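J.: Prediction below, plus the sequence it came from.
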Amino acid sequence: MPMITVETQFGRLGVEETDGAITRLVWDGRNEGPKTPLLQEAAAQLAAYDKGRLERFDLPYHVAGSDFQCQVCDLMFAIPLGETRTYGDIAKELGQPPQPVGQACGANPIPVIIPCHRVLSANGLGGFSGDGGIETKVALLRHERAAGLLI
C-alpha cells in the first residue's frame, strides 16, 4: 500500500492509503509507492497539526474492524482538539462497558488523525499504543493545550 512519511515532533509518522482512504498511521514509516493526492494532503495536514495550525483533520478514513471498533473510532474522531473524554463517556454513548472501549481505542489503526490520545481512563491517563506509549500521549495532549487536564 502507498505510504508517505512526515517528520514531526512526535517522530516520523507514516500514513498509508488504501482505495482512496487513510487506513493506517505508524511511527517510523517509510515512503512507499506513489505519493497520491490524498497522501500529499495527509502529509500537509499532519505537518500543519505539528506546527499548531490545524485543529481538525479532514481526511477520508476507513477502519477495517468490527462495527463496534468503527463506532468507537468515529466517536474519537469527533472529540475536538484540546478536549478529552473518558472510556466511560464513550461507553455510555454506545451503551457498552468501558473495557471494550479501551480495547477498541488501543486497536485504533490511525492514531493522531483519529485522536485516541484524547481518551482517558476515569482516574488517570489510560494507555496509548503509539510509539513512546504514555509519554507520547502526554506530549500530544500538551501540544493540543489539554495538558491542564494532566495536573
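T.: Received, thanks. Numbers count the residues shown, from 1 in each chain.
J.: Going by contacts, tell me the helices and strands next to the helix ranked longest in the chain.
T.: Assignment by DSSP state H gives helix 37-50 as the longest helix of the chain. Judged by 3 or more C-beta pairs under 8 Å, 6 or more residues apart in numbering; DSSP states H and E, helix 37-50 is in contact with strand 3-8, strand 11-18, strand 21-27. Any C-beta I mention is one placed from the backbone N, CA and C, and that applies to glycine too.
J.: Buried residues in the longest one, which are they?
T.: I take that to be strand 11-18. 11, 13, 14, 15, 16, 17 (16 or more other C-beta atoms under 10 Å).
J.: For residue 120, identify the helix or strand it belongs to.
T.: Using DSSP states H and E, residue 120 sits within strand 119-120.
J.: That strand pairs with which strands, and in what direction?
T.: Sheet pairing of strand 119-120 (DSSP bridges) gives strand 85-86 (parallel).
J.: Report the distance from the strand it pairs with to the chain centre.
T.: 14 Å (C-alpha atoms, centre = their mean, to the nearest Å).
J.: what does the helix or strand following that strand contact?
T.: Where DSSP H and E defines the elements, the next helix or strand beyond strand 85-86 is helix 87-94. Contacts to helix 87-94, defined as C-beta atoms under 8 Å, 6 or more residues apart in numbering, come from residues 68, 71-72, 75-76, 97-102, 105, 119-122, 126.
J.: From the buried residues of strand 11-18, pick the one nearest residue 52.
T.: The closest of the buried residues of strand 11-18 to residue 52 turns out to be residue 13 (C-beta to C-beta; 15.9 Å).
J.: how about the closest one, what does it touch?
T.: The contact partners of residue 13, taken as C-beta under 8 Å, 6+ apart, are 5, 6, 25, 26, 27, 29, 46, 112.
J.: Among the contacts of helix 87-94, which ones are in strands?
T.: Of those, the ones assigned to strands by DSSP state E are 119, 120.
J.: Show the buried residues in the contacts of helix 87-94.
T.: 71, 72, 75, 76, 98, 100, 101, 102, 105, 119, 120, 126.
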